[in-house]
Each structure stands twice: as structure tokens, then as C-alpha cells.
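S.K.: Provide a 3D model corresponding to the input given below.
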Amino acid sequence: MAFSSAQPPYLNPSVPFQGTILGGLQDGLQIIIKGAVLSSSGSRFSVNFQTGSDEKDIAFHFNPRFEEGGYVVCNTKQKGSWGPEERKMQMPFQKGQPFEICVLVQSPDFKVAVNGSHFLQYSHRVPFHRVDTISVQGALRLYSIEFQQNSGAAPVQPVFSTVHFSQPARLPPKPKGRRPKPPDIWSVNSAPIGQTIIHTMHSTPGWVFPNPTIPPMVYSSPSPTYLVPYFTAIPGGLYPSKSIIVSGTILPNAQRFHINLRSGSDIAFHLNPRFNENTVVRNTQINGSWGSEERWLPGKMPFNRGQNFLVQILCESLCFRVAVNNQHLCEYNHRLKNLPAINNLEVAGDIQLTHVQA
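M.R.: Model prediction:
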């Protein structure tokens, strides 16, 4: 399954927000919503996939509510009238914390992942191709709304499948006994819609949504989108299969820049191209002290002054794997083992930053 940019993202939009979905919803389209729940304002928020701007026809209403212990309501509105609610009595969001919602459109239903894990599925009650608008409102701050389109029907490939690594991936040891089935990343157990007003939806344990590789500069714009130094949260922190993507342009007189994956005041992974030394330094800083540097490169310096670049960092269980411009650069074994605590990204130095996917 290959993914491409379906339309440019909405970046830092104000709330309430309403935006057009170019071409409407299509089978295979993924909508990725990043933001943070406000800590003190209001007790609920909603994401609506609707027809037009008047909110009379909403194909999918996704509505987390921080009431009665927390739950999520899903529903459909037709000609101004709501249908029966479907409720999941579980709250994956926390007040004051960042989040990432990924909605995958498929012919039978919407599939929703929150912070990297499958959360629910919602069967279509109206034809999804009628949807041409997304609206977001309530007690939250929006960072971005991104669109990725499945451009083929081939089976899902592992993250970084387009990157050519210099050595084979080291997979975790296979458990002894019965051979497990290959994972189907977007597969969940389908269940019919209940006829009652309240219907509890079940998630599939261990299901994780993909972080697909994107081509360089896919969201680039004529003017810089991100100010440097740039700092953002990584919703849910890191976990195996999570990828971080940073692209931009290196300034003509650049001396160095860095990408830091941070855990509080510590830096779990410091990626630091240095043009005056013609190398890329990797390191970790714990309690204010740097560890031993790693400088070895498999080939020539992959970054060039005045040129565009694309850095992809894939988190695996034992290490980070780094690719530059779709070519494997290095592996870096984890020195900080608590991956979910690595939940902030920092980019700084002599570059113009054009896209970040965290």
C-alpha cells in the first residue's frame, strides 16, 4: 500500500475550524489530526466529517467527552436529525496532553487510531463520498490536519519500505511454538452496528496504525512554514514502528544543524550534521552530560549546503534507524530505554525547515 499527499495540510488552524476536503472522501484516504486537549476549557470536543458547512448532514461525528469517567460518542446526522449513538466507554485522551487521531476511510467503515493504537471502527450509515468538509470544535488546540491517500491496492509494507538500507533489518526473535499470522496493520474485527442507543465498540489488541513514508518536500510551500528553532510534542511518545520525518533546505553558509528527540531535559537521540567537520555526529545527553559520540558514516557526507534534505528516523525496539534522502545512513542503539517518555522533537541550526511529521 503506497501513500501520497492528497492535499496540503492545514497548519495551526484556529478552533472552531472548518476546512474543505479536496475531492471529498475516498476509499483509502487517511486524515491525521494532531493537537492537544485544553486542560481547563470545556469537557468535550468533536471532529465532524460532513457535507457542506451547515452541519445538517454529518456522516461521522467523533466526540470525546470527559464526563462520567470519560467516553467517546460516534453518530451520524441526516437532514438535521441525529441517529442512534454508538458509545465506547473508554477515554484515550488526557486533558492538557497532546494527541494524534488517524482516521482511515474504507468502503465498509471509518477506522480510527489514537496515539498509535487502533481505537474504534464506525460503519457507514450514509455514502462517504458525499463528505467534502471537516470541522473541529471544542476544548482543544489544533497543530495540523494532514491528508494521505492510498495510491495502490498492494498489501501494506513495513514502514520505510522505500528506503534502501545497507544491511538487513534485525527483527525481534520469533516466539517458539505456533507460527503467528503476519500482521495486517489496518485490520480489525468487524462487527455489525447495534440496534440499541448505546453500543460499545471493541478494539483489536496490538493493532497499530502505519506511519507511512512520504516523498521529500511533499508539504513544502513557497515560504518557510516552520520557524527555527522548532519544538513540538510527539503525541504518545515513541514506540517501535513510529517514524519521524523532517525535511528542509540547508543554508548556503551552514555550519551545522541538529535534530533532537527529547525525554524531558534529556536528549535521547542527537543527530548533528557538521559541515565544518564533514560528518554527522550522533549522541545522547543524560542529566546534562553527553555520552560518547558516534561519527562513522557508511559513505560520503549525505548533506550538502544549499540543498534540500529529507531525514527519516524510524524507532525500532533496539535502535533508531536513520535514512537521509531515502538512503540508509546509520543505526543508533537506544541509550534511553523508556521509549514512550521520548515525546518531544527539537530542530535547530542553519536550515530552512519546510516539513515535520512527528
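
S.K.: Tell me the bridge partners for the nearest residue to residue 52 once chain neighbours are set aside.
M.R.: Nearest residue to residue 52, sequence neighbours excluded (CB to CB, 6 or more residues apart in numbering): residue 133, at 6.2 Å. C-betas here are computed from N, CA, C, even on glycine. Taking DSSP bridges as the rule, residue 133 bridges to residue 20, residue 50.

S.K.: Make sure residue 133 is actually in contact with residue 54.
M.R.: No. Residue 133 lies out of contact with residue 54 (CB atoms under 8 Å); the separation is 9.6 Å.

S.K.: quick check: domain ranges of the chain?
M.R.: The record, using automatic domain parsing to delimit domains, assigns the chain the ranges 3-150, 230-357.

S.K.: Redo the ones you listed as CSV? Include mean neighbour count and mean pLDDT.
M.R.: As requested, the domains of the chain are arranged in CSV below (neighbours: other CB atoms under 10 Å; pLDDT from 0 to 100):
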stretch, mean neighbour count, mean pLDDT
domain 3-150, 18, 91
domain 230-357, 18, 94
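
S.K.: in its sheet, what does the strand ranked longest in the chain sit against?
M.R.: If you go by DSSP state E, the chain has its longest strand at strand 140-150. Sheet pairing of strand 140-150 (DSSP bridges) gives strand 3-11 (antiparallel), strand 29-37 (antiparallel).

S.K.: now for the following helix or strand past it, which elements pack on it?
M.R.: With elements assigned by DSSP states H and E, the helix or strand that comes after strand 140-150 is strand 230-233. Using 3 or more CB pairs under 8 Å, 6 or more residues apart in numbering; DSSP states H and E, the elements in contact with strand 230-233 are strand 344-349, strand 351-357.

S.K.: who are the neighbours in contact with residue 43?
M.R.: Neighbouring residues of residue 43 by CB atoms under 8 Å, 6 or more residues apart in numbering: 65-67, 139.

S.K.: Repeat the analysis, applying 10 Å as the threshold.
M.R.: 64-67, 70, 95, 138-139 (CB atoms under 10 Å, 6 or more residues apart in numbering).

S.K.: try residue 137
M.R.: Contacts of residue 137 by CB under 10 Å, 6+ apart are 15-18, 42, 44-48, 55, 63.

S.K.: same thing with residue 353?
M.R.: 224-230, 246-249, 257, 347.

S.K.: what about it, distance to residue 144?
M.R.: 14 Å (CB to CB, to the nearest Å).

S.K.: Quick check: chain neighbours aside, which residue is closest to residue 111?
M.R.: residue 104 is the one closest to residue 111 (CB to CB, 6+ apart), at 4.4 Å.

S.K.: again with residue 306
M.R.: residue 252 (4.4 Å).

S.K.: and the one you found, that one's in a helix?
M.R.: No. Counting by DSSP: H, G, I helix; E, B strand; the rest coil, residue 252 is not part of a helix but coil.

S.K.: Wait, it touches residue 351, no?
M.R.: No. Applying CB atoms under 10 Å as the test, residue 252 and residue 351 come out as separate, 11.1 Å apart.

S.K.: C-alpha coordinates for the longest strand of the chain, PDB please?
M.R.: C-alpha atoms of strand 140-150 as PDB (Å, rounded to 0.1, in the frame of the first residue of the first chain):
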ATOM      1  CA  LEU A 140      -8.600  21.600  22.100                       C
ATOM      2  CA  ARG A 141      -5.800  23.300  20.200                       C
ATOM      3  CA  LEU A 142      -5.100  22.100  16.700                       C
ATOM      4  CA  TYR A 143      -1.500  21.700  15.400                       C
ATOM      5  CA  SER A 144      -2.300  20.200  12.000                       C
ATOM      6  CA  ILE A 145      -4.700  18.300   9.800                       C
ATOM      7  CA  GLU A 146      -2.900  16.200   7.200                       C
ATOM      8  CA  PHE A 147      -4.200  14.100   4.300                       C
ATOM      9  CA  GLN A 148      -2.600  10.900   2.900                       C
ATOM     10  CA  GLN A 149      -4.100   8.900   0.000                       C
ATOM     11  CA  ASN A 150      -3.600   5.200  -0.500                       C
END
